[in-house]
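# the sequence and its predicted three-dimensional model are supplied below.
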Amino acid sequence: MSEQIKTAMQNWSIEVTPSSRQKITDFRDILPIGTTVNVTAIPGSDPEQILSTVRQLAMQEMNAVPHIAARGIESSAALEALISRYREAHVTELLLIAGGYKQPVGEFTSSIDVLETGLLENLGIQKVGVAGHPEGSPDISKSELADALKRKNAIAQESGLDLYLETQFCFDAHAILDWEAQIRQAGNRLPIRIGLAGPARLKTLIHFAVISGVGPSLQFLKKQARNLTKLLTVQDPYELIETLAPHIDPQSLSALQSIHFYAFGDFSQTARFANQLATQGTR
C-alpha cells in the first residue's frame, strides 16, 4: 500500500492565500521545487497581493496557479489585462472558477464564458483547471452540472487547452469514486485533481465545510463532532488517500490523476504531510 500511496501522491498540489503567504519567506524551505501552488482569489481580494504572491512563487521556482473568478471580471479587456500581468510572471496555468459573487460584475457568468473567448490560449495559457463537484453544488442543479461538464470536455478538444477538473474538498472516498465513475460513463475525459483538506482541527474543518456548502461531508464531520473531545484534535486525510490511491494510477481506468490540498490548518504542516506521503508512502 505504501508504494500505491507514493504513486498517488506524485504531482500533488497545494493552495495558499495571499495573507498566509506573508508568513513565508521562501517557499523552497517548505515545498519541493516545481510544486504546483494555487493562489486563491475570493471576493474582495486585493489583486496586487495576489500578483505579488504569484511573483514570489515564480521567483522561488514553484508553479504558480492563480485563481480567476469569472463573475468577478468586469470585461474582456479586464480579463486580457489580468492574464497579461500573470504572463509577465511566467504563469502558464490557471484555475478558472465561476466565483462566489451573488451577481456578476461584468459580462461573464461562468467559467465556460471565459473559456469560450479564446483569450486564454491566445495569451499563452496552456493549462486550465475548472471546478469538479463530487457532492454536487448548492447553487447548480445536477442537469446544469452535467451540461457544463459536457461543454468543458468539448472546449478541451476544440481549443487545445490542457483542461482538468479540480474538485471541492470532500471527506468521503466512496462518494468521490462513485462520482468519477458516473461522469466517466457520461463521457468525461478530463483528468481530475481530487481536493482534500490537509491536517486541521475538526472544528476548523467544520467551519470551512459550512462556508463551502459541502453537505454530505458536513454531515460526516458533524457526526464526529458529537464527541466533543474530537473538536480540537487534528484530523488528516490519510485514510481517504489510502482508499483513493489504487484509483490514482496510470493503470487504472479512473480519471483521478493527482491530489490537491486545501491548507485549512497550517500551510507548512500540510506541506510536510503531503511531502512525507509522496516520499515515504506513510505518515
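The structure has been received and is ready for your questions. Numbering: from 1, shown residues only.

# what comes up buried for stretch 35-46?
Neighbour counts over stretch 35-46 (16 or more other CB atoms under 10 Å) mark 35, 36, 37, 38, 39, 40, 41, 45 as buried. Where C-beta positions appear, they are placed from N, C-alpha and C, glycine not excepted.

# now for the spatially most central residue of the chain: which residues touch it?
Centroid check for the chain by CA atoms, centre = their mean gives residue 166 as the closest residue, at 4.6 Å. Taking CB atoms under 8 Å, 6 or more residues apart in numbering, we find residue 166 in contact with 95, 129, 130, 131, 132, 192, 193, 195, 260.

# need the residues you listed in JSON lines with pLDDT, neighbour count and distance to residue 104, can you?
JSON lines is the format used below for those (pLDDT from 0 to 100; neighbours: other CB atoms under 10 Å; distance: CB to CB, whole Å):
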{"residue": "95", "pLDDT": "98", "neighbour count": "26", "distance to residue 104": "18"}
{"residue": "129", "pLDDT": "98", "neighbour count": "27", "distance to residue 104": "20"}
{"residue": "130", "pLDDT": "97", "neighbour count": "25", "distance to residue 104": "17"}
{"residue": "131", "pLDDT": "94", "neighbour count": "21", "distance to residue 104": "16"}
{"residue": "132", "pLDDT": "94", "neighbour count": "25", "distance to residue 104": "22"}
{"residue": "192", "pLDDT": "98", "neighbour count": "26", "distance to residue 104": "27"}
{"residue": "193", "pLDDT": "98", "neighbour count": "23", "distance to residue 104": "26"}
{"residue": "195", "pLDDT": "96", "neighbour count": "23", "distance to residue 104": "24"}
{"residue": "260", "pLDDT": "98", "neighbour count": "24", "distance to residue 104": "26"}
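
# which residue ranges of the stretch 51-200 of the chain form helices?
Along the stretch 51-200 of the chain, counting by DSSP state H, counting those that start in this stretch, helices occupy 76-88, 111-115, 119-122, 142-159, 173-185.

# return the most buried member of the ones you listed.
A comparison of the helices of the stretch 51-200 of the chain by mean neighbour count, using mean count of other CB atoms under 10 Å, puts helix 111-115 on top with a mean of 22.

# shaky segments in the stretch 51-200 of the chain?
Applying pLDDT under 70 to the stretch 51-200 of the chain flags the ranges 138.

# which parts of the stretch 1-150 of the chain are strands?
13-16, 36-39, 63-69, 93-97, 127-132 (DSSP state E, counting those that start in this stretch).

# those strands: which one's closest to residue 149?
strand 127-132 (8.1 Å; CB to CB).

# okay, now the sheet partners of the closest one, with direction.
strand 93-97 (parallel), strand 162-167 (parallel) (DSSP bridges).

# okay but residue 192 is in contact with residue 163, surely?
No - Residue 192 lies out of contact with residue 163 (CB atoms under 8 Å); the separation is 11.0 Å.

# ok, residue 193 - contacts?
Contacts of residue 193 (CB under 8 Å, 6+ apart): 13, 129, 164, 165, 166, 167, 257, 258, 259, 260.
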